[in-house]
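Dropping the sequence and predicted coords here.
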Amino acid sequence: MKSVPLAELSYATFVELLHSKFRVRGSAPAPVEIELVEVTAHQSGQAQSGNFALVFTGPLHQFLPQGTYLFEHEKLRAFDLFIVPVGKDQKGFRYEAVFNRLIQPEALLKPV
């Protein structure tokens, strides 16, 4: 399966997928299912910014160390994403991915 470039994934892409499940593949033989629980836009003061953060919750019995994983979702092609563990609560481990990039003005008009 061909993966989607991260440049094609936007804040709007992930807002549409909020509260849905992703399969995450790493070195373990079976994928880990995690849920996208937050999508937060970061304001940089520039209209051309593509800065946002994603927070996922995963199971308590399967910890994912900081690293790059293959993410799969039924509505997207697979993509690689770097995540960092940021906490743990009664629901499971929490992971964050941060996007910091400049978007060219013409790219803001293209649908993803």
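Yes, it's here. As the structure is a prediction and not an experimental result, all values here were calculated from the model.

OK, contacts around the closest residue to Gln62 other than its chain neighbours?
Spatial nearest neighbour of Gln62, excluding adjacent residues (Cβ to Cβ, 6 or more residues apart in numbering): Val32 at 4.8 Å. In this view, the C-beta of every residue, glycine as well, is placed from N, C-alpha and C. Listed by Cβ atoms under 8 Å, 6 or more residues apart in numbering, the contact partners of Val32 are 23-24, 26, 58-59, 62, 64.

Which pLDDT does the model give the nearest residue to Ala7 once chain neighbours are set aside?
Using Cβ to Cβ, 6+ apart and skipping residues adjacent in sequence, the residue nearest Ala7 is Arg101, 7.6 Å away. Reported pLDDT at Arg101 in the predicted model: 77.

Can you tell me how far the residue nearest to Gln62 is from Ala78?
The gap separating Val32 from Ala78 is 14 Å, by Cβ to Cβ, to the nearest Å.

Distance from the top strand by length along the chain to the middle of the chain?
Secondary structure of the chain per DSSP state E: the longest strand is strand 76-89. Here the centre of strand 76-89 is set off from its chain's centre by 5 Å, with Cα atoms, centre = their mean, to the nearest Å.

packing partners for it?
strand 67-73, strand 92-99 (3 or more Cβ pairs under 8 Å, 6 or more residues apart in numbering; DSSP states H and E).

What strands line up against the shortest one, and which way round?
This points to strand 67-73. strand 21-25 (antiparallel), strand 76-89 (antiparallel) (DSSP bridges).

pLDDT of the last one, averaged?
It stands for strand 76-89. 95.

And stretch 23-35, what's buried?
Neighbour counts over stretch 23-35 (16 or more other Cβ atoms under 10 Å) mark 23-24, 31-32, 34-35 as buried.
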